[in-house]
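Peer 1: This is the structure alone, sequence omitted:
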Ligand SMILES: Nc1ncnc2c1ncn2[C@@H]1O[C@H](COP(=O)(O)OP(=O)(O)OP(=O)(O)O)[C@@H](O)[C@H]1O
């Protein structure tokens, strides 16, 4: 019998459901104020849409709408009878024109400050005096949709989702869309509307639901199935929330722009409609799909053995869940990078009490701790990263070229490494020049192909950029327009916090990998810069020499014509003083047979002024090409360029063939149209 409790329990003892916890701590999930919540809601919905379409190998098509809802529309929605105000000045939400001007000015100032890299809050707290702005946010995709019966749990229960495995996905926590719902419930009291159909489904599911916060349970208002006559598949989520568009407008648009860079195979259509009917405030932007090449989808993988260092309970969990019959098979099958033979060596190393053939179920808690100890200490190969789906150099370059049109671009993909027991790949591009790019650093960060816009100052990428000695790569960090793009993909991105804003600089493996990737790009650019400078100098030298050719040709023609007439070679007629002693005091050493022949040709009219001019031009041209070749041979750095080839088929159209003396190219029409090569540049 348990001992009887002495005295009464603490009457303050309470427990909270996950929904209540996140309701109280919205900031840690990116819902700290009205403006940020509008931004995060969009982000969570869009990222779910991309995950969903990619999971079935469909090129994503995402429609995004933000519609301002007026107070009276909102009152209608919540069933309040529209009240005609008699004394407007009584109401806190009535702004005078002067107040409105002042607010817009302050909000614009705060947004500009935030855009310059200031901290998260762009003053998005909503209007002063209690007046609020409401927005209907709707995101529709062409993904895999959700099973009818799963919808309430997927979207009405905090910490539920389908992305918990060891797999690269944009979502991870099972939280994002529920946070949007909690925010909507708190600020407008309105539920979420979901329309969804799975591929080949004969019906479309339509739900209206919210969350029972206390029980962390879905609260379904209505659920129905309607015929899916158009064979549509995907999901459409719609919520009405309090928000602030003015201060987060730029953030939303730069998020979409960056998403278009890292996801050029997706098409986004964004629409903002203001309630006032002022068309100038509306936005209608389409970020077109620029390639149909989608990275191979990520696959689910097993834990890397080094995950044992991070999670003390991992071995025990895996031992209790495994279907393997022997300890050796358990180590071989439940982890990556442990071959059957290596598993045998590990079991032998575990020592007394362990047998390769023993059942994992027989392993005691103490033995489990011993296995964990050994996995922490033993040496394992890095994972091969095949389960990951990086954006790819081709896609990154394509996105950057289209969005920024830089003068130069270099890319680098690092090998996969194990970070906290998870495979991780760092890819980077560094660009120079371009449109709408400011001088200095323009850092773009992506994690699992999500653009990260906040907390840039603390992020590992920003820190690496600041630490690098750019001057040694011939890049002027103050005056050059430098674009640094770093994309990190992993089965678990070590974000700081649940709002997925930044990756800390304290993880040395990641910091080193990011540093290596940026250096790799900078080295390629250095090669290009050095070559370009040499080419510029050569061009200048050639220009000077070419300018003097007519005068020099003229002078020589006069001299040799006079010699021809006098039947005396120029070397004899020269009055220019002594030359080098090694040359017998003459200015130059000329083959007398050659001189004789030359004078003969001059007399015959075979050598004229134009002949000399042509010869001199040919010589300058040859010298220039030889110098270019010599320079290339001496500076091999950055000489090679990676080409990204895609298999072609009947669907591809080609631009006119480009001929070169040694080969001919047929370029895809889409490359020209996509901005790789302006058509006029094909020569
Ligand atoms: N547009 C969608 N299409 C298909 N399934 C979706 C869609 N949106 C959400 N889901 C499903 O609902 C689940 C919960 O989504 P939610 O946004 O709450 O969390 P998550 O995406 O799993 O993780 P995170 O909190 O890190 O974003 C997802 O795991 C997914 O299975």
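Peer 2: In hand now; what should we look at? As the structure is a prediction and not an experimental result, all values here were calculated from the model.
Peer 1: CA only for contacts and neighbour counts going forward, please
Peer 2: Noted.
Peer 1: Can you mark which positions in stretch 226-243 are buried?
Peer 2: Within stretch 226-243, the residues that count as buried by 16 or more other C-alpha atoms under 10 Å are 228, 232-243.
Peer 1: what's the helix or strand for the residue nearest to residue 231 when sequence neighbours are not counted?
Peer 2: Leaving aside its chain neighbours, residue 231 sits nearest to residue 200 (6.6 Å; criterion: C-alpha to C-alpha, 6 or more residues apart in numbering). Using DSSP states H and E, residue 200 sits within no helix or strand.
Peer 1: Just the closest of the buried residues of stretch 226-243 to the ligand, please.
Peer 2: residue 235 (4.8 Å; C-alpha to the nearest ligand atom).
Peer 1: what is that closest one paired to in the beta sheet?
Peer 2: On the basis of DSSP bridges, residue 235 is bridged to residue 196.
Peer 1: residues contacting it?
Peer 2: When contacts are counted by C-alpha atoms under 8 Å, 6 or more residues apart in numbering, residue 235 touches 49, 140, 141, 142, 143, 144, 145, 146, 194, 195, 196, 197.
Peer 1: which parts of the protein sit against the ligand?
Peer 2: The chain comes close to the ligand at residues 44, 48-49, 52, 143-146, 154-155, 160-163, 171-178, 235, as judged by C-alpha under 6 Å from any ligand atom.
Peer 1: Just the buried subset of the residues you listed, please.
Peer 2: If you count burial by 16+ other C-alpha under 10 Å, the buried members of the residues of the chain next to the ligand come out as 44, 48-49, 52, 143-146, 154-155, 160-161, 171-172, 174-178, 235.
Peer 1: Inside helices: which ones of these?
Peer 2: Cross-referencing those against helices under DSSP state H gives 44, 48, 49, 52, 154, 155, 176, 177, 178.
Peer 1: now for the helix or strand containing residue 554, which elements pack on it?
Peer 2: Under the criterion of DSSP H and E, residue 554 resides in helix 508-566. With contacts taken as 3 or more C-alpha pairs under 8 Å, 6 or more residues apart in numbering; DSSP states H and E, helix 508-566 sits against strand 408-413, strand 422-432, helix 460-467, strand 481-490, helix 570-573, helix 592-604, helix 609-634.
Peer 1: gap between the first one and the chain center?
Peer 2: Right, strand 408-413. The chain centroid and the centroid of strand 408-413 are separated by 13 Å under C-alpha atoms, centre = their mean, to the nearest Å.
Peer 1: remind me which residues of the protein are low pLDDT?
Peer 2: Low-confidence regions of the chain, defined by pLDDT under 70, span residues 1-8, 81-85, 92-97, 111-131, 569-590, 632-648, 651, 659-663, 668-683.
Peer 1: Any figure for the gap between the spatially closest residue to residue 522 that is not a sequence neighbour and residue 538?
Peer 2: What sits nearest to residue 522 in space, not counting adjacent residues and going by C-alpha to C-alpha, 6+ apart, is residue 473, at 6.1 Å. Remark: distance between residue 473 and residue 538 (C-alpha to C-alpha, to the nearest Å) = 21 Å.
Peer 1: And for residue 322?
Peer 2: Look at residue 322 and residue 538: by C-alpha to C-alpha, they are 69 Å apart.
Peer 1: try residue 318
Peer 2: Distance of residue 318 to residue 538, computed by C-alpha to C-alpha: 66 Å.
Peer 1: Residue ranges of each domain in the chain, please.
Peer 2: As assigned by automatic domain parsing, the chain contains the domains 18-287, 307-377, 393-524, 532-634, 647-683.
Peer 1: just the helices in the stretch 101-250 of the chain please.
Peer 2: Applying DSSP state H, counting those that start in this stretch to the stretch 101-250 of the chain gives helices spanning 151-156, 176-187, 245-262.
Peer 1: Please disregard the earlier target; I meant the stretch 251-400 of the chain.
Peer 2: 307-310, 314-321, 327-334, 340-350, 365-377, 393-404.
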